[in-house]
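*Asks:* Dropping the sequence and predicted coords here.
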Amino acid sequence: MFLLDDHPAVLAGLRRLIEAERDMRVVSATADPSEVQTLLDATPADIVVLDHDLARADGLAHCLRIKRRPVPPAVVVYSAFASPALALAARAAGADAVVDKADPVPALITAMRRAANGNKTLPPTPPEAYAAGVARLDDEDLPILAMLLDGTSPDDIAAAIGCSSSEIGWRAQRIVGKLCPGLRQRPGERAAEHEHAASFQPF
């Protein structure tokens, strides 16, 4: 298990909760998004649990990069602001699960176990949320979105539309960003995140 969360208390609390499970072990954890790829190179993990709204990075951009690794781990997006828009964007980014930080801890543990077994825990996207997301995309991006949602690899998407894998990489990041815009935390929301983190502190 690899953990990424830029709030140290949440990170430490997650480690404590996960390692209390007999069948789970945290092999690496960081609060610094810039360390993700280096740490995964040094210590591969079967599952990555990452926060979506990082102060200095976008968790879904990391999800896209992680899923392009030669042997990609399962990715569980753990967010204080889960929404239909985030669920749609996470699905396009290749995430295996989306869990709201407001949900009981067993929901996260269950999503991790399901991901480890190759099963997804992604909330359905209401038609209106899908329509709103698609409306933000350029027409040329719609075929790519459809293939991303079907789980098609970037190399196969590139072959299908006749472009390079690197182009698909940056276009996928652009698509995911447009599907889930404006989720950077406002001051009041950041305070709510700190309140959530406090629940992990007494250990």
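*Replies:* Cool, got the structure. Note that the coordinates shown come from a computational prediction; the quantities given were computed from them, not determined experimentally. Residues are numbered from 1 along each chain as shown.

*Asks:* just for this structure, where's the confidence low?
*Replies:* Applying pLDDT under 70 to the chain flags residues 55-57, 181-203.

*Asks:* one more time with 80
*Replies:* Within the chain, the stretches with pLDDT under 80 are 53-57, 81-82, 180-203.

*Asks:* just the helices in it please.
*Replies:* Assigned by DSSP state H, the helices in the chain fall at 8-19, 36-42, 59-66, 84-92, 105-116, 127-135, 142-149, 154-161, 165-179, 187-198.

*Asks:* I'd like those helices laid out as CSV, including distance to Ala29 and mean neighbour count.
*Replies:* For glycine as for every other residue, the C-beta is placed from the backbone atoms N, C-alpha and C. What follows is the helices of the chain, written out as CSV (distance: least, CB to CB, whole Å; neighbours: other CB atoms under 10 Å):
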stretch, distance to Ala29, mean neighbour count
helix 8-19, 6, 18
helix 36-42, 9, 14
helix 59-66, 14, 23
helix 84-92, 21, 24
helix 105-116, 14, 18
helix 127-135, 31, 14
helix 142-149, 28, 18
helix 154-161, 27, 16
helix 165-179, 24, 18
helix 187-198, 15, 13
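
*Asks:* will you turn those into a markdown table that also has distance to Tyr78?
*Replies:* Shown next, in a markdown table, are the helices of the chain (distance: least, CB to CB, whole Å):
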| stretch | distance to Tyr78 |
| --- | --- |
| helix 8-19 | 8 |
| helix 36-42 | 14 |
| helix 59-66 | 9 |
| helix 84-92 | 11 |
| helix 105-116 | 6 |
| helix 127-135 | 20 |
| helix 142-149 | 21 |
| helix 154-161 | 24 |
| helix 165-179 | 17 |
| helix 187-198 | 11 |
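
*Asks:* can you tell which of those is closest to Arg25?
*Replies:* Comparison of those against Arg25 by CB to CB identifies helix 8-19 as nearest, at 6.6 Å.
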